[in-house]
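> Just to be clear, the model below is a prediction. Sequence and coordinates:
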Amino acid sequence: MSGPLLSALIKISAEINSTMELDTLLPDIIKITGDYLKVRNASIMLIDWDTLTINCYTENSLHHNFLSVKQGIIGDVAGSGTEYIVNKKSSSKSSKSFLALPLKAGSKILGVFYLTDKEKDYFNDSDVKTAKYIASQCALAIERHNLYNKMRANENLQAIGLLKSSVAHDMSNLLAIADVYLGLMEEEVDKSSAMYEYVKAVKREMKYITILAKDMLDLSKDKLVVHKTKFKVSELVNELKLYSEAFSKDSNAKCEFSIKYDDEIVADKNRLFRVFFNLLNNAGDAAKENGRIVFSVKKTGTDVSFLVADNGKGIRKEDICKLFQPFYTSGKIKGTGLGLSVVHDIIEAHNGSIRVRSILGLYTCFLIRIPKDG
Ligand SMILES: Nc1ncnc2c1ncn2[C@@H]1O[C@H](COP(=O)(O)OP(=O)(O)OP(=O)(O)O)[C@@H](O)[C@H]1O
Ligand SMILES: [Mg+2]
C-alpha cells in the first residue's frame, strides 16, 4: 500500500472513530477522498427509505431531497445496489469519468458514494479498489450512527414514558376534580347570561385537556388494557354530537352523523369516545371552509364499522405510513402527534382494524372495524 493511500485511510479511520455526527463525518471523508483520488466532485448520497428521497452531502453542503430513489444513475444505483463506473477518455484535455458505488450494510442499501471528473485522468483499478474500500468504511460508519440514534431515541422514549405516565396521571385526577366544580357552576349560573356561555367554553376546553392527558397515560403503558361494557351505539354517538360544533371550529364545516346500526355492542366506551374525538378533531383541523365531516356506523357481519371522513386537505401518499407513529404531526401549530397513535393502540386492544384512505386536496377517511360482541 502506498504511503499517501495509507495516510488517507488512517485519516478516514480516525474521523470515523472521533464522531457519531454524520454532518461532520461525511464532508470530512469526502474531502480526504477527493484530495487523494484527485477528483473535481465527490459526494455521498444518503437514502431516506421512508420518503424514497436522497439527501446529498458534499464537502461544503447538504442538500435535502436532492433526488428520488430511481431517479437518474444515482437513483438506479441506490435502488439496485449495483455499482456504476464510467471511464471515458476524450480527446479534450480533461477526461470524463465517474464512479457511483452503493453504500451497503449487509443487504441494506444506505446510499451512494459518487465521484466524478478525475483531474486530467480517469479511474484506474487501484482507484476503484480504494474508493470501494472507503465506501465500505463509510457504510459501517453510517450504520453505526443509525443504530446509535435508534438507541438514543428508545432511551428518550422510555424516559418520556415514565414522565408522561406520572404527569398524565396527576393531570387526569386534577382535571376530574375541576370538572365537578365546573358542573356545579353550570347549574348555579343563569342560563341566559354570558357567564353560562363562558362556563360551557371552559368545559369544552377541559374536555380536550382531559383527552390529551388520558392519551398520554395510555401511550406510556406497555400494553393497553381496555375495560369493555355493553352499551348502545347511540350512547357513544350522542356524546360525540355534543362536541360537533367544536370539531368544525373555524372552518364552519358541517358535521353529519349517520347511525345505521344501533344495537348494543361490547367495548370500552370511554376509550372509543377518545378514538372518535381524536379522529373528528383531526377532520375538523383538515376541513376546508364550509366543508363536510361525516361520521357513520353500520354493521358488517359480526363487526361494527365506523367511518370518519372529511373532504378537507387530504394527506400526502408518502405521509400515510407515518400517521400512527407517536409524535408524528404535520401542518399544525399545536399538534402533539399523539392522537392517532393512541387511536391505533385502542383499536388494536379491541382486536379491531383501522384503515386510511386519502387523496391530497380531496378527502380523507378512516375506517374502523371492531368485533361487536367484544
Ligand atoms: N383527516 C385528516 N386530514 C388530513 N390530515 C390528517 C387527518 N388526520 C390526521 N392527519 C395528519 O396526521 C397527523 C397526525 O395526527 P395526530 O392526530 O396523531 O396528531 P396531531 O393531530 O398533529 O396532534 P394532536 O392530535 O395531539 O392534536 C396530523 O398532524 C395531520 O397532519
Ligand atoms: Mg390529532
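Yep, that arrived. Numbers count the residues shown, from 1 in each chain. Ligands and ions are numbered 1, 2, ... in the order given.
> The protein: helices as residue ranges?
3-18, 22-37, 72-80, 125-188, 194-219, 233-241, 244-248, 269-286, 339-349 (DSSP state H).
> Of the ones you listed, which is nearest Glu59?
Proximity to Glu59 (C-beta to C-beta) singles out helix 22-37 among the helices of the chain, at 4.9 Å. Glycine gets a C-beta too; all of them are placed from N, C-alpha and C.
> angle of that closest one against helix 3-18?
In terms of direction (axes from the mean of the first three to the mean of the last three C-alpha atoms, to 10 degrees), helix 22-37 departs from helix 3-18 by 180 degrees.
> and Glu348, how many neighbours?
For Glu348, the count of nearby residues is 15 (other C-beta atoms under 10 Å).
> how many neighbours does the nearest residue to it once chain neighbours are set aside have?
In this structure, Glu348 finds its nearest non-sequential neighbour in Leu224, 7.7 Å apart by C-beta to C-beta, 6 or more residues apart in numbering. For Leu224, the neighbour count with other C-beta under 10 Å is 16.
> Identify the residues contacting Leu224.
218, 345-346, 348-349 (C-beta atoms under 8 Å, 6 or more residues apart in numbering).
> One more: Ser136?
Residues near Ser136 by C-beta under 8 Å, 6+ apart: Lys104.
> Arrange the contacts of Leu224 in CSV, one row each, with pLDDT and distance to Leu240 as further columns.
Shown next, in CSV, are these (pLDDT from 0 to 100; distance: C-beta to C-beta, whole Å):
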residue, pLDDT, distance to Leu240
Asp218, 79, 19
Asp345, 89, 20
Ile346, 92, 15
Glu348, 92, 21
Ala349, 91, 20
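> okay, those in JSON lines with distance to Val77 next?
Shown next, in JSON lines, are these (distance: C-beta to C-beta, whole Å):
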{"residue": "Asp218", "distance to Val77": "44"}
{"residue": "Asp345", "distance to Val77": "40"}
{"residue": "Ile346", "distance to Val77": "43"}
{"residue": "Glu348", "distance to Val77": "39"}
{"residue": "Ala349", "distance to Val77": "44"}
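> Mind checking which of these are buried?
Buried members of the contacts of Leu224, counted by 16 or more other C-beta atoms under 10 Å: 218, 345-346, 349.
> Reformat these as a markdown table; add distance to ligand 1.
What follows is these, written out as a markdown table (distance: C-beta to the nearest ligand atom, whole Å):
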| residue | distance to ligand 1 |
| --- | --- |
| Asp218 | 13 |
| Asp345 | 12 |
| Ile346 | 13 |
| Ala349 | 17 |
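> if we can go back for a sec, among the helices of the chain, which comes closest to ligand 2?
Among the helices of the chain, the nearest to ligand 2 by C-beta to the ion is helix 339-349 (3.0 Å).
> hey, C-alpha coordinates of the closest one in PDB?
Written as PDB, here are the backbone C-alpha positions of helix 339-349 (Å, rounded to 0.1, in the frame of the first residue of the first chain):
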ATOM      1  CA  GLY A 339     -53.800  11.400  18.700                       C
ATOM      2  CA  LEU A 340     -53.600   8.800  16.000                       C
ATOM      3  CA  SER A 341     -51.000   6.700  17.800                       C
ATOM      4  CA  VAL A 342     -53.400   6.300  20.700                       C
ATOM      5  CA  VAL A 343     -56.300   5.700  18.300                       C
ATOM      6  CA  HIS A 344     -54.300   2.800  16.800                       C
ATOM      7  CA  ASP A 345     -53.400   1.300  20.200                       C
ATOM      8  CA  ILE A 346     -57.100   1.500  21.400                       C
ATOM      9  CA  ILE A 347     -58.400  -0.200  18.200                       C
ATOM     10  CA  GLU A 348     -55.700  -2.900  18.500                       C
ATOM     11  CA  ALA A 349     -56.600  -3.500  22.100                       C
END
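> which residues are contacting it?
In contact with helix 339-349 (C-beta under 8 Å, 6+ apart) are residues 215, 218-219, 223-226, 268, 271-272, 274-275, 278-279, 281-282, 323-328, 353-354, 366, 368, 370.
> just to revisit the earlier point, same list, the helices of the chain, but as JSON lines with distance to Leu115 please.
What follows is these, written out as JSON lines (distance: least, C-beta to C-beta, whole Å):
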{"stretch": "helix 3-18", "distance to Leu115": "13"}
{"stretch": "helix 22-37", "distance to Leu115": "6"}
{"stretch": "helix 72-80", "distance to Leu115": "12"}
{"stretch": "helix 125-188", "distance to Leu115": "6"}
{"stretch": "helix 194-219", "distance to Leu115": "46"}
{"stretch": "helix 233-241", "distance to Leu115": "60"}
{"stretch": "helix 244-248", "distance to Leu115": "55"}
{"stretch": "helix 269-286", "distance to Leu115": "45"}
{"stretch": "helix 339-349", "distance to Leu115": "42"}
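> what's the burial count for Phe295?
23.
> doesn't Tyr243 make contact with it?
No - at 11.2 Å, Phe295 and Tyr243 do not qualify as touching, with contact defined as C-beta atoms under 8 Å.
> Which neighbours do those two have in common?
Leu280.
> ok so, going back, okay, the helices of the chain in a markdown table with distance to ligand 2 next?
As requested, the helices of the chain are exported to a markdown table (distance: least, C-beta to the ion, whole Å):
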| stretch | distance to ligand 2 |
| --- | --- |
| helix 3-18 | 41 |
| helix 22-37 | 32 |
| helix 72-80 | 34 |
| helix 125-188 | 16 |
| helix 194-219 | 9 |
| helix 233-241 | 15 |
| helix 244-248 | 11 |
| helix 269-286 | 4 |
| helix 339-349 | 3 |
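> Indicate which one of the ones you listed is closest to Asp262.
Closest of the helices of the chain to Asp262 is helix 233-241, at 4.9 Å (criterion: C-beta to C-beta).
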